[in-house]
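Chemist: How does the following fold in three dimensions:
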Amino acid sequence: MKKLKLNVNSKYIVLRDGYNKPLIIGSIIAIAFTIILATSKLWMPDDREIMSYDSTVMTFSMREITKPERVIYDKEKGILEMELTESHLSDDKKFDVNYYCTSPDYNRKLPIEIIKGDLSKSGDSQVIENRKVLLQIRVPEDWWYITVNVEQKDNITIPFNIDYRSVQASVIEYKGKDFLTSLDSQKSDLTKKKKGQEVKHEELQKLTEEIKQLNTALSKAKGDEKKKLTADLVKKKENAEKLQKEYDLQQKDI
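Modeler: Below you'll find the predicted structure:
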């Protein structure tokens, strides 16, 4: 039997000719296994059921809600963001819907910001009006899925789930209550600018053709007719140059 001196107090560790090696190896394996189990969530695939939704439209009395095509998630801020579309078949506000969110890991409703846009006619329809609804939801740090509940008072509540495995990572900024209204206004202004550019482009093409015709006529003209055509040509070129500058300047804002 071998003895190994441990310290000045004459305590010894007994080494039984290597027979305690299996115990040491077993202890190391047990510790390693414990560490693996404790950290399994960090490296093993999540085998929990993916909580998703199938249909794209929820039907209520005089309201239809189109679910979001995508959901984005800012992990640093802990915020989810999604955009839904409300279709109104009646302007009676008693049919309006409300939104709230819950989580199986959270014992109360999740904080939510609801931003609604203005109503606008749907295509050629004179009855249906649509508007965008933006939801920003604060989620728990270690969330699995949340349930978005769409509720119509005195009627029904239709839920749908958002799983953390189905969202897209993105940076999300806080958006005020008038965000969608401002966005709709910006889109409207942009549409007007594009329409104005189309008109300017057509005018430029027309002026280019007129200048070409004047040059042709000028090559054959004489006397007073030539003077008149020359004056017209100068004026047309000035107008074309001015219009081209306006067009180029406006194009930078589109």
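
Chemist: how near is residue 164 to residue 96?
Modeler: Separation of residue 164 from residue 96 (CB to CB, to the nearest Å): 30 Å. The way it works is simple: take the backbone N, C-alpha and C, and place the C-beta from them, glycine included.

Chemist: Compare neighbour counts for the two and give me the winner.
Modeler: Taking other CB atoms under 10 Å, residue 164 and residue 96 do not tie; residue 164 has more neighbours (18 against 14).

Chemist: And residue 120, what's its pLDDT?
Modeler: For residue 120, the pLDDT comes out at 83.

Chemist: Let me fix that, I meant to ask about residue 174.
Modeler: 74.

Chemist: quick one: secondary structure of the closest residue to it other than its chain neighbours?
Modeler: Once flanking residues are discounted, residue 174 sits nearest to residue 136: 7.4 Å by CB to CB, 6 or more residues apart in numbering. Put simply, residue 136 is strand when judged by DSSP: H, G, I helix; E, B strand; the rest coil.

Chemist: ok, residue 136 - contacts?
Modeler: Residue 136 makes contacts with 79, 80, 81, 112, 113, 115, 172, 174, 175, as judged by CB atoms under 8 Å, 6 or more residues apart in numbering.

Chemist: Which of the residues you listed sits closest to residue 152?
Modeler: Distance ranking of these against residue 152, using CB to CB, places residue 112 first at 17.1 Å.

Chemist: beta partners of the closest one?
Modeler: Under DSSP bridges, the beta-bridge partners of residue 112 are residue 137.

Chemist: how far away is it from residue 60?
Modeler: 19 Å.

Chemist: in stretch 157-165, what counts as buried?
Modeler: 158, 160, 162, 163, 164 (16 or more other CB atoms under 10 Å).

Chemist: Please apply the same query to stretch 79-90.
Modeler: So, applying 16+ other CB under 10 Å, buried residues of stretch 79-90: 79, 80, 81, 82, 83, 84, 85, 86, 87, 88.

Chemist: Which strand or helix spans the residue nearest to the fourth one when sequence neighbours are not counted?
Modeler: With CB to CB, 6+ apart as the criterion, residue 82 has its nearest non-adjacent residue at 3.9 Å, and that residue is residue 68. Secondary-structure assignment from DSSP states H and E places residue 68 in no helical or strand segment.

Chemist: got any ranges where the protein has weak pLDDT?
Modeler: Along the chain, the model assigns pLDDT under 70 to residues 1-24, 32-33, 35-47, 51, 53-55, 122-126, 176-191, 253-254.

Chemist: which residue is nearest the centroid of it?
Modeler: Taking CA atoms, centre = their mean, the centroid of the chain lies closest to residue 72, which sits 5.7 Å from it.

Chemist: so how far is residue 66 from the residue lying closest to that one once chain neighbours are set aside?
Modeler: Once flanking residues are discounted, residue 72 sits nearest to residue 170: 3.9 Å by CB to CB, 6+ apart. Using CB to CB, residue 170 is found at 21 Å from residue 66.

Chemist: If you count surrounding residues, which of these two has more?
Modeler: For residue 170 versus residue 66, neighbours defined as other CB under 10 Å are more numerous around residue 66 (17 against 13).
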